[in-house]
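Participant: Provide a 3D model corresponding to the input given below.
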Amino acid sequence: MAQRVLRVLFIGNSYTFYHEMPKLVQSLAQGQIPMECEYSARGGVDLRLHWRKMKSRKRVEEGDWNHVVVQERSSDPLHSGLKFYWYGLRFVRAAHRIGAKPLLFQTWPRKAGHELYQSAWSGENPERMLEKISSAYQKLAAMSDASVIPVGEKWWKVLQHFPGIELYDEDGHHASLAGAYLTACTFAQAFGVDLKQTDFVPKDLNPELARCLRDSV
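Facilitator: Next comes the predicted model:
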C-alpha cells in the first residue's frame, strides 16, 4: 500500500518564504516521507492580515492538511499585546476544526547590533529577544493545544557553537540560505524525517556546511 502524502500548509511572511523554505522541507523528506508543502505568505504581513484580508483562512478551511504551520510577523510577539494571541488562536482553532495538527513557528532573534535593539521592548539583545519570543509562543501553545517548533532555539545553538556560520541575510534579520536550510531541517525533523539519512543539499550551499547544520538540529 502506498504511503499517504503528508500535506503541510505554512502561513507566514518572508521568514517563511525566503529561499522557498517549505520546498526545502519537502526536498529533505524525499525518499523517507511523501510530503507536499505549500505556503500562504507575503512580505511583512501579520496574522491579522492573513485572517481578515488574505486567502489564508480559506486555504486552511478548504484544504486537506495534516499540519498547519503558523508564523507571526517576527517582532509582533514582543509588543503587539493581545493581537498575537487573538489571531494565533483563530488559526490554531481553524486547523483543529479540519483535523490538522497546528504548529507554531518560533522565529529567531535579530542579529547582534541590529537597529531593532534600540527599542526597549525588543529585549535589547539577541538572547533576551529570543527569550521573549519563546515565552510568547509557549504561552500561545498552552492556550491553544498547539506545538511549538523551536526554530529560534536551533538558530541560537548554531550561533553559539559555530559563530563563523552566517545564518542571516545582509539585513541582519532575514535568513541566508544556510539559515533557511537550518529552519527547514528543524521542521523536517519535527515531521519525522531522519536527518542522518538525507543527503539533500540546495544549490549554492556547501555540502559540509549543510551536514553541520543537519547535525545541529
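
Participant: Could you pull up phi and psi at residue 202?
Facilitator: Taking degrees, to the nearest 10, you get phi -70, psi 150 for the backbone angles of residue 202.

Participant: ok, now which ones touch it?
Facilitator: The contact partners of residue 202, by Cβ atoms under 8 Å, 6 or more residues apart in numbering, come to 19, 24, 27, 177, 181, 210. C-beta coordinates here come from the backbone N, C-alpha and C atoms, glycine included.

Participant: any idea how far residue 212 is from it?
Facilitator: Noted for residue 202: a distance of 15 Å to residue 212, by Cβ to Cβ, to the nearest Å.

Participant: and if you look at residue 159?
Facilitator: Here the criterion is Cβ to Cβ. By it, residue 159 lies 13 Å from residue 212.

Participant: residue ranges of the strands in the chain, please?
Facilitator: 6-12, 35-41, 67-70, 101-105, 147-149 (DSSP state E).

Participant: for those strands, which one ends up most surrounded?
Facilitator: Of the strands of the chain, the one with the most neighbours on average (mean count of other Cβ atoms under 10 Å) is strand 67-70, at a mean of 26.

Participant: So which residues make contact with it?
Facilitator: Residues contacting strand 67-70 (Cβ under 8 Å, 6+ apart): 6-12, 16, 47, 60, 88, 91-92, 94-95, 100-105, 146, 149, 187, 191.

Participant: redo that, cut-off 7 Å
Facilitator: Residues outside strand 67-70 that contact it (Cβ atoms under 7 Å, 6 or more residues apart in numbering): 8-11, 47, 60, 88, 91-92, 95, 100-105.

Participant: for the residue most central in space within the chain, what are its contacts?
Facilitator: In the chain, the residue lying closest to the centroid (Cα atoms, centre = their mean) is residue 105, at 3.8 Å. By Cβ under 7 Å, 6+ apart, residue 105 lies in contact with 12, 69-71, 149, 151.
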